[in-house]
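> here is a sequence together with a model predicted from it:
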Amino acid sequence: MAEIPAQARAVVIGGGIIGCSTAYHLARLGWTDTLLVERHKLTSGSTHHAAGLVGQLRTSANITQLLGRSVALYQALEAETGLASGWKMNGGLRLACSAARWTELRRQATSAHSFGLEMHLLTPEEARKLWPLMDTGDLVGAAFLPTDGQVNPSDITQSLARGARQRGVRIFEDTAVTGFECERGRIRAVHTTRGRIACEVVVNCAGQWARQIGQLAGVNVPLVSVQHQYVMTDVVPGVVPGLPTLRDPDRLTYFKEDVGGLVMGGYEPNPRPWALDGVPDNFNFQLLQPDWDHFQPLLEQALARVPALAHAGIKALINGPESFTPDGNFILGAAPERGGFYVGAGFNAFGIASGGGAGEVLAQWIVGGEAPCDLWPVDIRRFGPPHGDIGWVRARTLELYGKHYSIAWPGEEHESARPLRRSPLYQRLRAAGAVFGEKLGWERPNWFACAGEEARDRYSFGRPHGVDAVAREHQAARERVAVFDQTSFAKFELRGRDAERALNWICANDVARPVGTLVYTQLLNRAGGIECDLTVGRLAADHYYLVTGTGFATHDFDWISRHIPAGLDAHLSEVTSQYAVLALMGPAARQVLSRLTQDDVSNAAFPFGRIRPLYVAGAPLRALRVTYVGELGWELHLPVEYAATVYDALMNAGAEFGIANAGYRAIESLRLEKGYRAWGADIGPDHTPLEAGLAWAVKLQTAVPFLGREALEAQLAAPLRKCLCTFSVADPEVMLFGRETLYRNGARAGWLSSGGYGHTVRHGIGLGYVRDAAGLTRDALLAGDYELEVAARRVACRIHLAPLYNPGSDRVRS
Ligand SMILES: Cc1cc2nc3c(=O)[nH]c(=O)nc-3n(C[C@H](O)[C@H](O)[C@H](O)COP(=O)(O)OP(=O)(O)OC[C@H]3O[C@@H](n4cnc5c(N)ncnc54)[C@H](O)[C@@H]3O)c2cc1C
């Protein structure tokens with residue numbers, strides 16, 4: 001057995017498809033001093049028992065494109081390595097058996113068109129021609145993705161491993177990682193059963209074991225093992241080699257042709273977890289006991305769809321455990337807890353489909369030091385405190401597994417593992433009719449039911465349940481005054497002699513302002529892409545307060561702390577749990593506030609864009625004159641123990657002004673009317689402030705250097721190739737949820753990053769980037785004819801380059 005090297009630039013842990021693909025791509029990018037260690041043999045984990053379906057469509061454009069990169073690689077790999085992958089592009093068929101499912105399928109087809117993926121809607125008869133063995137009696141319609149396909153999971157993995165070896169990667173089987181050595185927060189070496197390997201970078205691709213491996217380095221990888229079963233049949237007459245893969249979500253099942261027979265698996269609504277006490281170390285090339293009782297309901301559904309199965313012999317029922325995550329997406333990227341530690345794990349039974357693309361972007365991330373594109377849906381930094389608890393992770397993961405094939409309703413909330421994080425006002429808001437949603441474990445009021453209204457969500461693709469309540473809350477904020485409990489906001493403090501210098505390097509806007517100034521800013525990457533979008537308040541010469549979205553706590557903290565220049569005296573801490581936040585918004589906000597404070601809150605004394613200490617109803621707090629709804633208002637950030645007192649005082653003082661509780665659904669409608677951007681939807685790493693219409697928030701007019709400045713300056717030299725614009729749709733029957741395809745002068749030009757309804761302007765609103773490789777000017781944008789594809793139907797829309805509501809923002813500054 002060869003000696004294990006004492007040193008390597010990168011050590012990849014795990015010889016499944018993800019580890020092999022990552023090692024292959026690292027070598028392609030020039031990191032040939034890469035070593036892959038596999039505890040047993042290549043493919044001995046989940047990879048060897050995968051069914052091998054390769055579908056591509058996801059709800060995010062970049063993740064769909066990542067899956068497309070897998071397909072491109074699987075097509076080309078055999079020519080490069082000489083090892084067949086079993087890739088067959090026989091297409092993928094999806095069925096719809098109800099009106100709602102058909103709407104979902106049509107919306108999915110529209111998303112596919114937005115993302116440049118071919119997807120055709122079919123009649124039941126057309127679908128039957130593609131899959132003659134199926135009974136189509138209950139079909140409403142179907143969709144066909146011609147570039148989907150199937151692959152042999154072990155073969156493709158071996159082919160990737162050979163490609164990696166050919167480029168210099170050394171692969172060591174029968175070598176288990178047992179621990180890590182760290183120095184000043186960074187990985188320094190990996191310990192294995194065959195010795196120590198000093199390295200710059202470790203990549204944890206250990207599948208179901210990735211959580212345990214992460215723990216050895218103090219890194220949280222929130223995944224659990226769940227049993228997943230499929231049956232393999234003998235030859236079924238009529239099954240031909242080119243048969244498309246078939247997904248039948250209403251019957252919870254999928255099918256794949258396999259040497260003249262069928263592979264049929266599915267997602268039970270009552271999944272069975274595995275390895276509650278940790279995944280055994282010696283689980284190599286093994287399967288779990290087939291559980292026929294559990295599989296029986298799926299088998300019955302499959303028989304109803306494919307009656308010929310009744311006469312087919314069963315070769316085996318495969319029960320393989322696989323790692324699943326609490327939001328159904330995989331986990332990629334640089335771990336925030338440990339420098340030099342990367343993760344590619346938690347593939348939720350689509351690791352074979354993802355392997356090629358996920359390995360590629362992970363390698364690019366490692367080599368480039370930044371994610372190569374917006375990978376937020378799979379970024380390890382989307383997790384936070386709740387995801388450290390395995391009980392919480394398992395409960396939510398099992399819910400998601402059980403919903404794998406259920407309809408993904410717009411605005412749907414999950415039910416398990418709740419409530420966890422509660423604002424001090426939770427009970428009060430609940431008593432006031434709050435219907436809560438959940439983000440990063442926080443319970444947040446989405447909307448408030450009135451007496452006589454049912455205080456729960458009912459989902460549909462039509463006019464949302466609760467929309468009347470949202471309209472009332474929206475109106476209260478526009479015409480009177482409303483209180484929003486936004487306690488879940490993530491909050492940080494940066495302190496130190498060099499806090500200003502550090503922050504002015506990280507922020508695109510100028511934060512070297514007088515004490516008491518509040519600045520809205522983006523934080524950019526080297527390419528000028530927007531990594532964070534937040535508000536910075538200066539509390540003292542050496543003390544800043546930063547406020548960002550609930551879900552971005554881990555991500556933004558990580559980004560800021562990584563980019564504080566070395567040697568500066570600037571210390572970041574998270575203070576989220578110390579402060580409750582009440583946003584008092586609306587034209588009567590000043591009148592309400594002035595009844596509860598001795599301080600002068602007139603416009604002259606407390607103008608927009610300021611942060612000041614105030615006493616309100618006896619509570620010492622930070623008041624921020626800022627808004628995300630487009631009205632006069634303050635965010636009151638107060639120590640949590642005062643929250644109930646201040647809330648009660650606001651409601652009492654506001655009674656004569658018609659004060660109302662309002663929730664996050666109203667915020668969405670209010671912010672869309674004002675064209676305020678949401679990070680993760682309208683803005684993110686793929687878009688610069690210039691493209692997003694946020695040039696006004698960038699200090700390019702100064703000479704101050706900042707991260708991303710060069711990229712923006714270069715971008716200024718040529719016309720922009722994409723611009724974020726607002727679109728309105730007059731037809732009240734058209735519901736916009738985001739991802740609708742945008743057409744300009746008849747040609748596909750982008751898609752909606754956000755969609756919703758404006759209750760003041762009384763029409764549908766979408767935000768989306770118009771793309772044109774030839775460059776765009778204001779006149780060219782306005783001269784275009786625009787349409788949206790909504791659920792596979794074209795509808796007329798209008799473009800707007802200014803906010804639909806109060807474009808001059810005098811209400812905000814009043
Ligand atoms: C029944 C079933 C059907 C599936 N069908 C499909 C499908 O049709 N399409 C699809 O896309 N996906 C499918 N999947 C999912 C797919 O199999 C996985 O997502 C994929 O194989 C995950 O690959 P991986 O490399 O992350 O993990 P693994 O293949 O599990 O690889 C992890 C490796 O890490 C090694 N390791 C663990 N600990 C250590 C250590 N301490 N030191 C060194 N090495 C270590 C393990 O031995 C293992 O080989 C299916 C899964 C199951 C269970």
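Cool, got the structure.
> sort out which residues of the strand or helix carrying residue 127 are buried, please.
Taking DSSP states H and E as the definition, one finds residue 127 inside helix 124-130. Using 16 or more other Cβ atoms under 10 Å as the test for burial, helix 124-130 gives 124, 127, 128, 130. For glycine as for every other residue, the C-beta is placed from the backbone atoms N, C-alpha and C.
> after it, which helix or strand is next?
Next helix or strand after helix 124-130 toward the C-terminus (DSSP H and E): strand 141-145.
> mind giving me the packing neighbours of that next one?
Packing contacts for strand 141-145, counted by 3 or more Cβ pairs under 8 Å, 6 or more residues apart in numbering; DSSP states H and E, involve strand 92-96, helix 99-114, strand 120-122, helix 124-130.
> which strands and helices sit next to the longest one?
Just to be clear, that refers to helix 99-114. The elements that helix 99-114 packs onto, with contact taken as 3+ Cβ pairs under 8 Å, 6+ apart, are helix 61-81, strand 92-96, strand 120-122, strand 141-145, strand 741-744, strand 747-758, strand 786-790.
> what residue lies at the spatial centre of this structure?
Nearest to the mean C-alpha position of the chain, counting by Cα atoms, centre = their mean, stands residue 377 at 2.4 Å.
> can you tell me the closest non-neighbouring residue to that residue?
Setting aside the residues directly before and after it, residue 377 is nearest to residue 60 in space (Cβ to Cβ, 6 or more residues apart in numbering), at 4.6 Å.
> thinking again about what came up before, which outside residues touch the helix holding residue 127?
Identification of contacts with helix 124-130 by Cβ atoms under 8 Å, 6 or more residues apart in numbering yields 91, 93, 95, 122, 134, 136, 139, 140, 141, 142, 144, 244.
> from those residues, which single one is nearest the ligand?
Nearest to the ligand among the contacts of helix 124-130, counting by Cβ to the nearest ligand atom, is residue 244 at 13.7 Å.
> quick check: closest non-adjacent residue to that closest one.
Counting by Cβ to Cβ, 6+ apart, the residue nearest residue 244 is residue 91, at 4.1 Å.
> could you do residue 433 as well?
Leaving aside its chain neighbours, residue 433 sits nearest to residue 449 (4.0 Å; criterion: Cβ to Cβ, 6+ apart).
> you'd agree the one you found is up against residue 465?
No. Proximity of residue 449 to residue 465 does not meet the contact threshold set by Cβ atoms under 8 Å, at 10.0 Å.
> which neighbours does the top strand by length along the chain have in its sheet, and in what orientation?
Taking DSSP state E as the criterion, the chain has its longest strand at strand 763-776. Applying DSSP bridges, strand 763-776 is found paired with strand 720-729 (antiparallel), strand 747-758 (antiparallel).
> including mean neighbour count, mean pLDDT and distance to residue 604, could those go into CSV?
Output for these, formatted as CSV (neighbours: other Cβ atoms under 10 Å; pLDDT from 0 to 100; distance: least, Cβ to Cβ, whole Å):
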stretch, mean neighbour count, mean pLDDT, distance to residue 604
strand 720-729, 21, 98, 33
strand 747-758, 22, 98, 32
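> nearest to the ligand, out of the ones you listed?
Per Cβ to the nearest ligand atom, nearest to the ligand of those: strand 747-758, 25.2 Å.
> so how far is the closest one off the chain centroid?
Taking Cα atoms, centre = their mean, to the nearest Å, the mean C-alpha location of strand 747-758 is offset from the chain mean by 18 Å.
> that strand vs helix 99-114, what angle?
Counting by axes from the mean of the first three to the mean of the last three Cα atoms, to 10 degrees, strand 747-758 lies at 130 degrees to helix 99-114.
> what about residue 121, how many residues nearby?
Using other Cβ atoms under 10 Å, residue 121 has 18 neighbouring residues.
> my error: substitute residue 772 in the last question.
Residues near residue 772, counting by other Cβ under 10 Å, number 20.
> cool, and residue 196?
By the criterion of other Cβ under 10 Å, residue 196 has 16 neighbours.
> that one pairs with what?
Assessed by DSSP bridges, residue 196 has beta-bridge partners residue 191.
> wait, what's in contact with it?
Contacts here follow Cβ under 8 Å, 6+ apart; on that basis residue 196 touches 6, 181, 189, 190.
> quick one: classify residue 255 as helix, strand or coil.
Here residue 255 is recorded as strand under DSSP: H, G, I helix; E, B strand; the rest coil.
> does it touch residue 245 like I think?
Yes. At 6.8 Å, residue 255 counts as touching residue 245 under the criterion of Cβ under 8 Å.
> out of these two, which sits in the busier spot?
Legend: neighbour count by other Cβ under 10 Å for residue 255 and residue 245, higher for residue 255 (29 against 25).
> returning to what we had before: what about the residue nearest to residue 244, how many neighbours?
20.
> show me which residues of stretch 303-322 are buried.
Neighbour counts over stretch 303-322 (16+ other Cβ under 10 Å) mark 303-306, 308-309, 312, 317-322 as buried.
> hmm, I was thinking of stretch 609-621
Buried residues in stretch 609-621, counting neighbours by 16+ other Cβ under 10 Å, are found at 609, 610, 611, 612, 614, 616, 617, 619, 621.
> returning to that earlier point: just the mean pLDDT for the helix holding residue 127, thanks.
The pLDDT scores in helix 124-130 average 98.
> distance from it to the middle of the chain?
With Cα atoms, centre = their mean as the basis, helix 124-130 stands 35 Å off its chain's centre.
> and what of stretch 107-119?
Put simply, stretch 107-119 sits 18 Å off its chain's centre (Cα atoms, centre = their mean).
> residue 771: neighbour count?
Neighbourhood size, residue 771 [other Cβ under 10 Å]: 17.
> so it makes contact with residue 725?
No. The pair residue 771 / residue 725 is not scored as a contact, 10.9 Å apart, by Cβ under 8 Å.
> the ligand next: which of the buried residues of stretch 303-322 are close?
Contacts with the ligand are made by 318, 320, 322 out of the buried residues of stretch 303-322, judged by Cβ under 6 Å from any ligand atom.
> mind checking which of those residues are in strands?
Among those, the residues falling in strands (DSSP E) are 318, 320, 322.
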